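3D model of this:
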Amino acid sequence: MFKRTSLASRLAAFAALAVFGAAAQAASITGAGSTWVYPLVAKWAAAYAEQTGTQVNYQSIGSGGGIAQIKAGTVAFGASDKPLTPEELAQAGLIQFPTAIAGEDLVYNLPGVQPGELILSGPLVADIYLGKITKWNDPAIARLNPGVKLPDMHITVVHRSDGSGTTFTFADYLSKVSPEWKARVGADTSLAWPTGVGGKGNEGVSSYVQRIPGSIGYVEYAYILENHMSYARMINRDGKVVGPSLKGFQAAAANVDFTRAKDFYVILTDQPGADSWPISGCTWQILRKDAPKATNEEVARFFLWGFEHGQDMARSIAFGPLPASTVAAIKAYWKKNLGI
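Numbers count the residues shown, from 1 in each chain. Just a heads-up that it's a prediction; the model follows:
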């Protein structure tokens, strides 16, 4: 009798473990895309797993890769810093919603020039990336930086080598401030770069700039904070010299209304306002309408948790929270398009 009861107990325990294992395996979601938003998703995912047991596995592969993977249905959500147009979404059976406000800046490796000491303008940056300005002591740079000892050093331009929403935001800004850039290069996630070397992801660009004296690159602000990089101040649309900051990103975002934009399609670059940071942007999460309802529910549950409980973490790395009205609009958008 003892042996039979023991065997039954063991079988029951194994069955319980199997059920638990299946549930644990099911309690995970996968995403891929934007390297810009990776620091935020990583922070949210770690805290969310601790509180709920659900694992969020996110691959920081660039916005182009995120868009491709969600279109292929190989991930539960794709993240892009370039919003898809309503027409693109409808054609592919997708929806998108914003995650957080942030910004990017130019970083440099210049001996003797401290973080925030260098001032740049949009047209000047465009000329550097067009290969028209090739030396750090060029008169055009010197005019904006009186008193700064600029080295007689070649400029090494660093850009993204992968499909990137960070590139789209950067190039969109340059297209607004430089007619030549708009005509010759334009704005997209991948570009035919006139000059420079390419790094994969914000991580790759950061690494190149840190290693190459005389280099300049563009990265999301969280990478500047985490890597203690030298960053430029910029002249914004109102002619004010501003530094990258959460305040500046939110000032730019105050000019748009996500709740009135179809599929939340807005662009935040080159916004007016004395405090507005000129290269501000946002990350969007992209979902498939035909994905299993349970999958979309898991994704929505995670990001809603982030909106409601993860804002202190977001602010700690200079990601601006969405207004309550935008979060309410996102929930209504989910219900309308996904039935969740």
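
Heading C-terminal from the lowest-mean-pLDDT helix or strand in the chain, find the next helix or strand.
Ranked by mean pLDDT, DSSP states H and E, the weakest helix or strand in the chain is helix 2-26, scoring a mean of 39. With elements assigned by DSSP states H and E, the helix or strand that comes after helix 2-26 is strand 28-33.

Could you point out the helix or strand that follows that next one?
Going down the chain from strand 28-33, the next helix or strand is helix 38-52, by DSSP H and E.

partners of the helix or strand encompassing Val158 in the sheet?
If you go by DSSP H and E, Val158 is part of strand 156-160. Strand pairing for strand 156-160, determined by DSSP bridges: strand 197-199 (parallel), strand 215-220 (parallel).

helix or strand right after that strand?
Assigned by DSSP H and E, the successor of strand 156-160 is helix 165-177.

got the angle for that next one vs strand 156-160?
Computed with axes from the mean of the first three to the mean of the last three C-alpha atoms, to 10 degrees, the direction of helix 165-177 lies at 120 degrees from that of strand 156-160.

now helix 165-177: mean pLDDT?
If you average the pLDDT over helix 165-177, you get 96.

Next, the angle from that helix to strand 28-33.
Per the same axes, to 10 degrees, the angle that helix 165-177 makes with strand 28-33 is 40 degrees.

residue ranges with poor pLDDT in the stretch 151-300 of the chain?
Nowhere does the stretch 151-300 of the chain drop to pLDDT under 70.

pLDDT of the host helix or strand of Lys335, averaged?
Element membership for Lys335, per DSSP H and E: helix 324-338. Averaged across helix 324-338, the pLDDT comes to 96.

Pull out the buried residues from it.
By neighbour count on 16 or more other C-beta atoms under 10 Å, the buried set for helix 324-338 is Thr326, Val327, Ala329, Ile330, Tyr333, Trp334, Asn337, Leu338. Quick note: C-beta positions are derived from backbone N, CA and C, even for glycine.

so can I have a markdown table of these showing distance to Val41?
Formatted as a markdown table, those follow (distance: C-beta to C-beta, whole Å):
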| residue | distance to Val41 |
| --- | --- |
| Thr326 | 18 |
| Val327 | 17 |
| Ala329 | 21 |
| Ile330 | 16 |
| Tyr333 | 20 |
| Trp334 | 18 |
| Asn337 | 22 |
| Leu338 | 20 |
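
Quick check, Gln114 in contact with Ser230.
Yes. Under the criterion of C-beta atoms under 8 Å, Gln114 makes contact with Ser230 at 6.9 Å.

Now do the strands in the stretch 151-300 of the chain.
156-160, 197-199, 215-220, 230-231, 233-235, 241-242, 280-288 (DSSP state E, counting those that start in this stretch).

right, and those - which one's nearest Ala318?
In terms of C-beta to C-beta, the element of the strands of the stretch 151-300 of the chain nearest to Ala318 is strand 215-220, at 9.1 Å.

Pull the residues that contact the closest one.
Contacts to strand 215-220, defined as C-beta atoms under 8 Å, 6 or more residues apart in numbering, come from residues 35-36, 39, 102-109, 128, 155-159, 166-167, 170, 199, 202, 205-206, 208-209, 229, 279.

one step back: report the inter-axis angle for the helix holding Lys335 versus strand 280-288.
Going by the same axes, to 10 degrees, helix 324-338 is angled at 20 degrees with respect to strand 280-288.

helices or strands up against helix 324-338?
strand 94-108, helix 293-309 (3 or more C-beta pairs under 8 Å, 6 or more residues apart in numbering; DSSP states H and E).

Thank you kindly, that will do.
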